[in-house]
Structure formats: structure tokens, C-alpha cells
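>>> Provided below are the primary sequence and the corresponding predicted coordinates.
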Amino acid sequence: MEKPLIAPSILSADFSRLGEEVRAVESAGADWIHVDVMDGHFVPNLTIGPPVISAIRKYSTLPFDVHLMIARPERYVEDFVAAGADWLVVHVEASVHVHRVIQQIRKAGARPGVAVNPGTPISAIEPLLDDVDMVLVMSVNPGFGGQSFIPSVVRKIEVLRKWIKERGREVLIEVDGGVNEKTIPVLANYDVDVYVAGTAVFAGGDYAGNISRLRKAAAGFRGRLLNQADSCDMD
Ligand SMILES: O=C(CO)[C@H](O)[C@H](O)COP(=O)(O)O
Ligand SMILES: [Fe+2]
């Protein structure tokens, strides 16, 4: 797949028709399906678990990118992989032994990613860069869709891109939260690989049009707003 990728977050889909919604965003040009799993403990919201992922898996052939916002994810890694997760992303804040969980994910047969909350220094994931295939930089506090992008995370993405370049090993950078046509142009300066978008894809119902506008925002502005991140109005 040609990067950057667009990964619709089905948190903003119609949950009463989740399978059809997954099929619809695939037809509309999505690259991945982003699935938000919340436990009411690590984040103040509850969503879905392995049985629902297993049920919607058959509606799409796209990779399922499963974002676990759950405490101690090591308890459920094998269940999520069996349910159909191609990518399994755990929060660095959610497990005491996050390095071990990353190894567990790879052993279970999925690609491991690590996510970092807006309030956590990016240095927390630096020791994991040789072991993960993706870093998910949260640009809102996890738990809900429809929140505003937090501009201070841009600096973290810049640092992360530098570290990955220095290592020479491919690690994808994914950004999640408040991603839309206004925020993507700034992010594109750091070669973000995967844009997760819930509201921006599902709002208004024109999924194909929405995805195509996000793609254009990513391609059109790449490299042209360097050093303007701090002054950019991102609301
Ligand atoms: O992980 C998430 C929330 O915790 C979601 O993926 C994210 O919020 C997407 O929604 P939106 O694009 O509306 O911000
Ligand atoms: Fe997410």
C-alpha cells in the first residue's frame, strides 16, 4: 500500500451496522480499519472486544489496526489476534512490562505497535524502537472521538521521525485524534505514515469524498509548512 495510509476509526461509525460500515469505508478507499478498544478503566469509556472484532472481520479484507486502550493488555493479546487483529497497538502507560507485551504480540502473529498519550514524554517509547513496527502518537487524550487536536504533540512526532531515521529500520508513525484536513498538512511535514480519522471520515456520510480530501491534504502540503507547526491554527 502506498503511504500515507488513511485508517478510518470505526468509533465514529454506526454501531448498529458495524459490519456494513466497515465494508462501506473499504469501498470508499480506506487503507486500514482502525478499531478502538476501551475498557472503562485505562480510559473512561467502554467499547468493544474480541467477539465483535471477530464478527466484523469478515466484512473486509483490509488490515485491522486494533488500538487497545485497556489496562494490562497482556491478558488479552492472543484473543485479539485470534479475533483478526493484524496490528495490535498497546499503550506504553498500560503495562508495567510493555517490552514483554510487544514480544508477546509478535509471537502471537500480529505486528506490534506502541501508543503514547499526549501527556507522556516521547522518550518513554525510545527504548522500544528496535522492537515495534509502529508508534501511535495520540493527539487527543484517548477515550472519545470528536476531540480537538493537541498541537504540542507535533514536536514529539518531529523527534520520533528523527530517531527512526537515525536507526534506519522501518517503524511506522501513526497519529490518532483530531486528524482532519486542517491538521494533516502540519503532520505531513514529518512523513506521518498512518492517519487515523474517525469524525473526519464518517461525518456527513460521504466516506469516499472525505477520504479523498484527507489524502489530498496529506499529499498536497507535504514539506511546505516546515517550522510553522506552533503557529498553525489547528482547531
Ligand atoms: O483512539 C481514539 C480515541 O481514543 C480514536 O481513534 C480517535 O479519537 C479518532 O476519532 P477522531 O478522529 O474523531 O478524533
Ligand atoms: Fe484510536
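That came through fine. Numbering: from 1, shown residues only. Ligands and ions are numbered 1, 2, ... in the order given.

>>> use CA for all of it now, contacts and neighbours both
Will do.

>>> For the chain, which residues are neighbours of ligand 1?
Proximity of the chain to ligand 1 (Cα under 6 Å from any ligand atom) is limited to residues 9, 36, 142-147, 176-179, 197-200.

>>> Kindly write the PyMOL command that selects the buried subset of these.
Selecting only the buried members of the residues of the chain next to ligand 1 in PyMOL, with burial defined as 16 or more other Cα atoms under 10 Å, works like this:
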select buried, resi 9+36+142+143+144+145+147+176+177+178+179+197+198+199+200
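
>>> what's next to the helix or strand residue 66 falls within, contact-wise?
Take DSSP states H and E as the rule and residue 66 turns out to sit in strand 64-69. Strand 64-69 has contacts (Cα atoms under 8 Å, 6 or more residues apart in numbering) with 32-39, 42-43, 57, 84-91, 94, 142-143.

>>> tell me the SS of residue 60?
In three-state terms, and counting by DSSP: H, G, I helix; E, B strand; the rest coil, residue 60 is coil.

>>> these two touch, right, it and residue 25?
No. In this structure, residue 60 is not within contact of residue 25 by Cα atoms under 8 Å, at 9.3 Å.

>>> pretty sure residue 38 belongs to a strand, no?
Yes. Secondary structure of residue 38, determined by three-state DSSP: located in a strand.

>>> if I pick it, what's in contact with it?
Under the criterion of Cα under 8 Å, 6+ apart, the neighbours of residue 38 are 44, 45, 46, 47, 48, 68, 69, 70, 143.

>>> Format those as TSV; extra columns: distance to residue 208.
As requested, these are exported to TSV (distance: Cα to Cα, whole Å):
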residue	distance to residue 208
44	31
45	29
46	28
47	25
48	25
68	27
69	28
70	31
143	26
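
>>> Counting neighbours, which of those residues comes out on top?
Neighbours here mean other Cα atoms under 10 Å. Within the contacts of residue 38, the largest count is held by residue 69, at 27 neighbours.

>>> and that residue, how far is that from residue 144?
Here the criterion is Cα to Cα, to the nearest Å. By it, residue 69 lies 11 Å from residue 144.

>>> Tell me which strands the strand holding residue 66 pairs with, and in which orientation.
strand 33-38 (parallel), strand 87-91 (parallel) (DSSP bridges).

>>> okay, the ones you listed, which one's buried deepest?
strand 87-91 (a mean of 26; mean count of other Cα atoms under 10 Å).

>>> Restrict it to CA atoms and write it as CSV.
What follows is the C-alpha trace of strand 87-91 in CSV, where atoms were taken according to Å, rounded to 0.1, in the frame of the first residue of the first chain:
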residue,chain,number,x,y,z
TRP,A,87,-1.8,-4.8,14.0
LEU,A,88,-2.1,-4.7,17.8
VAL,A,89,-1.2,-1.5,19.5
VAL,A,90,-0.7,-1.2,23.3
HIS,A,91,-0.2,1.9,25.4
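
>>> if we look at that strand, which residues are touching it?
Counting contacts by Cα under 8 Å, 6+ apart, the residues touching strand 87-91 from outside are 63-70, 73, 77, 80-81, 98, 105, 110-117, 136.

>>> got the angle for the helix or strand following that strand vs strand 87-91?
Reading on from strand 87-91 to the C-terminus, the next helix or strand found by DSSP H and E is helix 98-108. Relative orientation of helix 98-108 with respect to strand 87-91: 170 degrees, computed using axes from the mean of the first three to the mean of the last three Cα atoms, to 10 degrees.

>>> Cheers, nothing more for now.
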